[in-house]
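Enquirer: Got a predicted model here, sequence first, then my questions.
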Protein chains: 2
Amino acid sequence: MSKIIDGKAVAAAVLEECRQEVEQLKARGVTPGLAVVLVGEDPASQVYVGSKVRTCGELGIHSEKIVLPTETTQEDLLAVVERLNADPAIHGILVQSPPPPHIDEEAIVRAIDPAKDVDGFHPENVAKLALEDPSGFVPCTPAGCMRLLKEAGVETKGANAVVIGRSMIVGKPMALLLMAKGSDATVTVAHSRSKDLPGICRQADIVIAAVGRPEMVKADWVREGAVVIDVGINRVEDASRKSGFRLTGDVAYPEVAPKCAAITPVPGGVGPMTIAMLMKNTLISAGRS
Amino acid sequence: MSKIIDGKAVAAAVLEECRQEVEQLKARGVTPGLAVVLVGEDPASQVYVGSKVRTCGELGIHSEKIVLPTETTQEDLLAVVERLNADPAIHGILVQSPPPPHIDEEAIVRAIDPAKDVDGFHPENVAKLALEDPSGFVPCTPAGCMRLLKEAGVETKGANAVVIGRSMIVGKPMALLLMAKGSDATVTVAHSRSKDLPGICRQADIVIAAVGRPEMVKADWVREGAVVIDVGINRVEDASRKSGFRLTGDVAYPEVAPKCAAITPVPGGVGPMTIAMLMKNTLISAGRS
């Protein structure tokens, strides 16, 4: 019998913590501020940016949404980042990914002041994560997964954790968090080129699926009593829906869920945590300022 | 029947490559230079520093050995590092670890110009390793292990690699190298808090033992046909030796070796590779200058 890990409820609790922290910061004379930069008109990016800005508003965080045309040059975008770096009202800066193809995203990330890099993608924050230096920022999605594990009462010490996916956005930081002192999991990073992925997965006490393949993790990949965190958000065709599609994770939820001690659904699992942890990072930054 | 991976021979081949690269660099008017800073009188450190400087001499690399008294202050040591950062004759800088306890080693590492950080310990190089950016420096010991695997003809793609140990000197960079695109191993990082370490190890096609416990990895930890790389160098008492001790790895070599497809001995395995890769890194740096 699986326990469904309610990401919406955990995210709401995190946001409630944030609301209180905003008040404490304001009492100290600090109004936290987040700047979200969007280049171009990608519809999904517009939705993400909209939610981030709206959540700021709900918490009393000052936000700036800076929308730039698709044809914005690298230099102009860098100038915007530099202005935000210098702006004392802004504690967090993120440039929504992906930018248009003519933009060198890596150079933009490097240009963000690491002390305002609330996405945790700047090399200085990557290094701090690897070095277990808590003065950096942890990327929001893996930070959200760690919080879900904590809230679900999952013991990571000595547990076998299998992370499927090796991206710098989720897989690698997730692995680094799980193996760090204090978490103390035994961590396996598997990926599309791993041989016998089902067999590797079956060894896991904790499965983190972050590979971006709809319903790849099947029931026979998961051992009885495992905890499954599904980071995937995939669109699959579904003629029975008005929209013509539905969202699904990397895990075949209906068949996997009954075997798990705990599992996150999609939607309503990891998804809501990402914005919540972004707010947390913004407040951490404001608190340090 | 195990094939013994001869680290001395591979290191000699790497040093021969280095010798040729030094000639090519000199033909271009560049004399590569390495500065080795030793604070205090730790006997083991003196031996390591001595070997590094001697190897430089054998290859025609200019070296500076800077020996500072134990009571050197943080400020004085930083001033030395800054002088070396600014010195165009120096392409690689290392401060021998461990410094005396009053020195903040992390701050010293951060002070080294990342472009001269041939140890690969600066956060900028740590991040580059995690981000698979080849413009950084890879720490010498894991780089040496990768080279040994390559020379022994070991296929890492799709292989299950188990790294025992999660230090930033060996375990984590080793894991990052093995999981990177091109290496494509499935990597498990285990450590002293892992449960059923023998069982985890038995799954491995490749075992990297870097835990610092003499002869911990036993025959029944290793499956028939595995490849074992032993990074441990431990002193154990041995009354039969004149010195009263012998060196042993983290692997119980006599019982493990017969099961392996290939294994590194201690001494004569990974050990000689570390200096060889340090020379390589110094030449990479000189080549970029």
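Expert: Okay, I see it.
Enquirer: only C-alpha atoms for contact and neighbour calcs from this point on.
Expert: Fine.
Enquirer: give me the element the residue in the stretch 151-289 of chain A that chain B sits nearest to is part of.
Expert: Using Cα to the nearest Cα, the point where the stretch 151-289 of chain A gets nearest to chain B is residue A:188, with a distance of 3.9 Å. Residue A:188 is part of strand A:186-190 when elements are defined by DSSP states H and E.
Enquirer: what mean pLDDT would you report for the next helix or strand after that strand?
Expert: Reading on from strand A:186-190 to the C-terminus, the next helix or strand found by DSSP H and E is helix A:197-202. On average, the pLDDT along helix A:197-202 is 96.
Enquirer: Report all helices and strands that helix A:197-202 contacts.
Expert: Using 3 or more Cα pairs under 8 Å, 6 or more residues apart in numbering or on different chains; DSSP states H and E as the contact test, no helix or strand touches helix A:197-202.
Enquirer: ok, then the element right after it?
Expert: For helix A:197-202, the following helix or strand on the C-terminal side (DSSP H and E) is strand A:206-209.
Enquirer: is that next one up against chain B anywhere?
Expert: No - using Cα under 8 Å from any Cα of the partner chain, we find that strand A:206-209 stays clear of chain B, coming within 13.4 Å at best.
Enquirer: Paired strands for that strand, with orientation please.
Expert: Strand A:206-209 pairs in its sheet with strand A:160-164 (parallel), strand A:227-230 (parallel), by DSSP bridges.
Enquirer: Mind checking those strands for the one nearest to residue B:224?
Expert: Residue B:224 lies closest to strand A:160-164 among those, at 23.1 Å (Cα to Cα).
Enquirer: what comes into contact with that closest one?
Expert: A:171, A:174-175, A:178, A:185-191, A:200-201, A:203-211, B:194 (Cα atoms under 8 Å, 6 or more residues apart in numbering or on different chains).
Enquirer: got it, and stretch A:114-124?
Expert: A:85, A:90-94, A:109-110, A:112, A:125-126, A:136-140, A:169, A:278, A:281-282, A:285, B:123-124, B:127-128.
Enquirer: Of these, which belong to strands?
Expert: Of the positions in the contacts of stretch A:114-124, A:92, A:93, A:94 sit in strands, assigned by DSSP state E.
Enquirer: Leaving out the residues flanking it, which one is nearest to the residue positioned nearest the centre of chain A?
Expert: Nearest to the centroid of the C-alpha atoms of chain A, with distances taken as Cα atoms, centre = their mean, sits residue A:141, at 1.5 Å. Closest residue to residue A:141 in three dimensions, ignoring its sequence neighbours and counting by Cα to Cα, 6 or more residues apart in numbering or on different chains: residue A:274, at 4.8 Å.
Enquirer: so that neighbour makes contact with residue A:140?
Expert: Yes - in this structure residue A:274 lies within contact range of residue A:140 using Cα atoms under 8 Å: 5.1 Å.
Enquirer: More neighbours: which of the two?
Expert: residue A:140 (25 against 22; other Cα atoms under 10 Å in any protein chain shown).
Enquirer: for the more buried one, what are its contacts?
Expert: A:119, A:120, A:273, A:274, A:275, A:277, A:278, A:281.
Enquirer: Among those, list the two that are farthest apart in space.
Expert: Using Cα to Cα, the two most remote members of these are A:120 and A:273, lying 15.1 Å apart.
Enquirer: quick one: buried residues of the helix ranked longest in chain A?
Expert: If each helix of chain A is counted by residues according to DSSP state H, the longest one is helix A:7-27. Within helix A:7-27, the residues that qualify as buried are A:7, A:8, A:10, A:11, A:14, A:15, A:18, A:19, A:21, A:22, A:23, A:25, counting by 16 or more other Cα atoms under 10 Å in any protein chain shown.
Enquirer: quick one: contacts for the third one?
Expert: If I follow you right, that is residue A:10. A:148, A:151, A:273.
Enquirer: neighbour-wise, which of those residues leads?
Expert: Ranked by neighbour count (other Cα under 10 Å), those have residue A:273 at the top, with 27 neighbours.
Enquirer: related to what we said a few turns ago, mean pLDDT and mean neighbour count added to the strands paired with strand A:206-209, as a markdown table?
Expert: Compiled in a markdown table, the strands paired with strand A:206-209 are given as follows (pLDDT from 0 to 100; neighbours: other Cα atoms under 10 Å in any protein chain shown):
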| stretch | mean pLDDT | mean neighbour count |
| --- | --- | --- |
| strand A:160-164 | 98 | 28 |
| strand A:227-230 | 98 | 29 |
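Enquirer: These into JSON lines, with extra columns for distance to residue B:103?
Expert: Output for the strands paired with strand A:206-209, formatted as JSON lines (distance: least, Cα to Cα, whole Å):
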{"stretch": "strand A:160-164", "distance to residue B:103": "37"}
{"stretch": "strand A:227-230", "distance to residue B:103": "43"}
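Enquirer: now for the ones you listed, which one comes closest to residue B:70?
Expert: When these are ranked by proximity to residue B:70, the top entry is strand A:160-164, at 43.8 Å, counting by Cα to Cα.
Enquirer: my guess is residue A:269 is in a strand, correct?
Expert: No - following the definition DSSP: H, G, I helix; E, B strand; the rest coil, residue A:269 is coil and is not counted among the residues of a strand.
Enquirer: Would you check that it makes contact with residue A:9?
Expert: No - the pair residue A:269 and residue A:9 does not pass the contact test of Cα under 8 Å, sitting 9.2 Å apart.
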